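Visitor: have a look; sequence and predicted model below, questions after that.
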Amino acid sequence: MLGDGGWGTAISVLLNKKGHDVTLWGAFPDYVKVLKEKKENVKFLPGIPLPETLYLTSDLERAIAKNELLVFAIPTQYLRNILYKIKPEVFKGKTVVSVAKGIEKKTLLRPSEIITQQIHTPHLAVLSGPSHAEEVARNVPTCVVVASNSRDVSRYVQEVFMDTRFRIYTSDDVVGVELGGALKNVIALAAGICDGLKFGSNTKSALLTRGLFEITRLGIHMGANPNTFFGLSGLGDLVTTCISEFGRNRRVGELLGQGKKLGEILAGMEMVAEGVDTALSAMELSKKYNVEMPIVQEIHKVLFEDKDPLEAVNGLMMRDAKMEIE
């Protein structure tokens, strides 16, 4: 497990309980030392004891060499830098799973594309869905989807991960699964703004519905199966991240709606809110594919042009009248 954030830790605990020999790698030796001493990820997943049999290390080469399945639980914007440190030949014969939810800013590439560009592995899958680390680590029943261009790979990952409280479905739509997981974070920022402005259920329901339209519209132009966005990595993940108390992106939006500035909010966070960087990428993708994404556009203005959140809402409400289904 490459990445000792909350999600990487939660999956490590889950797989360890299944009886797998799991190594959890962290980039910072000092913090890995804390994990070993406290037997708890106090910063990213407090309250969850780390099993004695979970191997902890900051030695990247050793973590990769001794394992046959590698899970990248690294935020998308840092993924390429980690891959640069790994010799491509060490991946030979290994299965690689990405659980990141984002889009690289400069290249507009999805995590699986970044990995493929660096190591050219045919044994690659992506895993996504409504799965907050805090709940998975506490054995709350959870369903996710694993997608791969190889049916054998997706079934293998399904077998490795699936448990009585962690159900895995398979898919062949890598593009759709990754886009759903990434773009829902932008809509979650908007959902948080609704909460910060003290709007109600009507507003948030409308936002989720129209947000899903935007995600699907872009996904179709990028080659995804539209049905994917009504599944776990689309609608499922969107609902969870927009309503859950654990949603980091929703929380950032809520603070924006309360009048706080983005820099101030991010400075006070330990974990990464992927939706902020994804909003930049989503805006560029909408231009590249000439896809209308008004919610993404307004969120971009709030984040990076200091637009007042209430004005952004008014701008969305007062757009030209049109049919619901085009």
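Guide: Noted; the coordinates are in hand.
Visitor: residue boundaries of the helices in the stretch 51-200 of the chain?
Guide: 60-65, 76-84, 111-119, 133-136, 151-161, 174-196 (DSSP state H, counting those that start in this stretch).
Visitor: okay, those, which one's buried deepest?
Guide: Of all the helices of the stretch 51-200 of the chain, helix 174-196 carries the top mean neighbour count, a mean of 28, counting by mean count of other C-beta atoms under 10 Å. C-beta here means a position set from N, CA and C on the backbone, and glycine is covered the same way.
Visitor: quick one, it and helix 76-84 angle?
Guide: Relative orientation of helix 174-196 and helix 76-84, computed by axes from the mean of the first three to the mean of the last three C-alpha atoms, to 10 degrees: 140 degrees.
Visitor: now the helix or strand just after helix 174-196: buried residues?
Guide: Note on helix 174-196: by DSSP states H and E, the next helix or strand toward the C-terminus is helix 201-221. By 16 or more other C-beta atoms under 10 Å, the buried positions in helix 201-221 come out as 203-204, 207-208, 210-219.
Visitor: quick one: Asn16 from Ala10, how far?
Guide: Per C-beta to C-beta, to the nearest Å, Asn16 is found 11 Å from Ala10.
Visitor: Val97 pairs with what?
Guide: Counting by DSSP bridges, Val97 is bridged to Val71, Ala125.
Visitor: contacts only, for the closest residue to Gly129 other than its chain neighbours.
Guide: Among residues not flanking Gly129 along the chain, Val144 sits closest, at 3.2 Å (C-beta to C-beta, 6 or more residues apart in numbering). Contact analysis of Val144 by C-beta atoms under 8 Å, 6 or more residues apart in numbering lists 127-131, 166-169, 232-233.
Visitor: so how far is Leu14 from Val144?
Guide: In terms of C-beta to C-beta, Val144 sits 11 Å off from Leu14.
Visitor: Gln118 now?
Guide: In this view, Gln118 and Leu14 are 27 Å apart by C-beta to C-beta.
Visitor: quick revisit: anything in contact with each of Val144 and Leu14?
Guide: Phe166.
Visitor: hmm, back to that, which of Asn16 and Ala10 has more neighbours?
Guide: Ala10 (27 against 20; other C-beta atoms under 10 Å).
Visitor: pull the helix or strand with minimum mean pLDDT from this structure.
Guide: Ranked by mean pLDDT, DSSP states H and E, the weakest helix or strand in the chain is helix 60-65, scoring a mean of 88.
Visitor: helices or strands next to that one in the packing?
Guide: Packing contacts for helix 60-65, counted by 3 or more C-beta pairs under 8 Å, 6 or more residues apart in numbering; DSSP states H and E, involve strand 23-25.
Visitor: what residues of whichever helix or strand comes after the strand it packs on count as buried?
Guide: Using DSSP H and E, the helix or strand that follows strand 23-25 in sequence is helix 29-38. Neighbour-count burial for helix 29-38, with 16+ other C-beta under 10 Å as criterion, is recorded at 31-32, 34-35.
Visitor: could you do stretch 96-112 as well?
Guide: Judged by neighbour count using 16+ other C-beta under 10 Å, the buried positions of stretch 96-112 are 96-104, 109-112.
Visitor: need those residues in TSV (columns: distance to Asn41 and pLDDT).
Guide: Below are the buried residues of stretch 96-112 laid out as TSV (distance: C-beta to C-beta, whole Å; pLDDT from 0 to 100):
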residue	distance to Asn41	pLDDT
Val96	23	96
Val97	20	98
Ser98	21	98
Val99	16	98
Ala100	18	95
Lys101	19	95
Gly102	21	96
Ile103	26	97
Glu104	26	97
Leu109	29	98
Arg110	27	98
Pro111	22	97
Ser112	26	97
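Visitor: from those, pick the one nearest Lys260.
Guide: Of all these, Gly102 has the smallest distance to Lys260: 22.8 Å, by C-beta to C-beta.
Visitor: out of the contacts of Val144, who's nearest Glu254?
Guide: Checking the contacts of Val144 against Glu254 with C-beta to C-beta, the nearest one is Pro130 at 19.1 Å.
Visitor: centroid-nearest residue for the chain?
Guide: Note on the chain: the residue nearest the mean C-alpha position is Lys101, at 2.5 Å, using C-alpha atoms, centre = their mean.
Visitor: what's the separation between that residue and Asp59?
Guide: Taking C-beta to C-beta as the measure, Lys101 falls 27 Å from Asp59.
Visitor: same deal with Leu212?
Guide: 43 Å.
Visitor: please apply the same query to Lys36.
Guide: Distance check for Lys36 against Asp59: by C-beta to C-beta, it reads 13 Å.
Visitor: same check, this time on Ala73
Guide: Look at Ala73 and Asp59: by C-beta to C-beta, they are 17 Å apart.
Visitor: quick one: the closest residue to Met271 other than its chain neighbours from Gly275, how far?
Guide: Counting by C-beta to C-beta, 6+ apart, Arg248 is the residue found nearest to Met271 once chain neighbours are left out, at 5.7 Å. Per C-beta to C-beta, Arg248 is found 8 Å from Gly275.
Visitor: great, nothing more from me.
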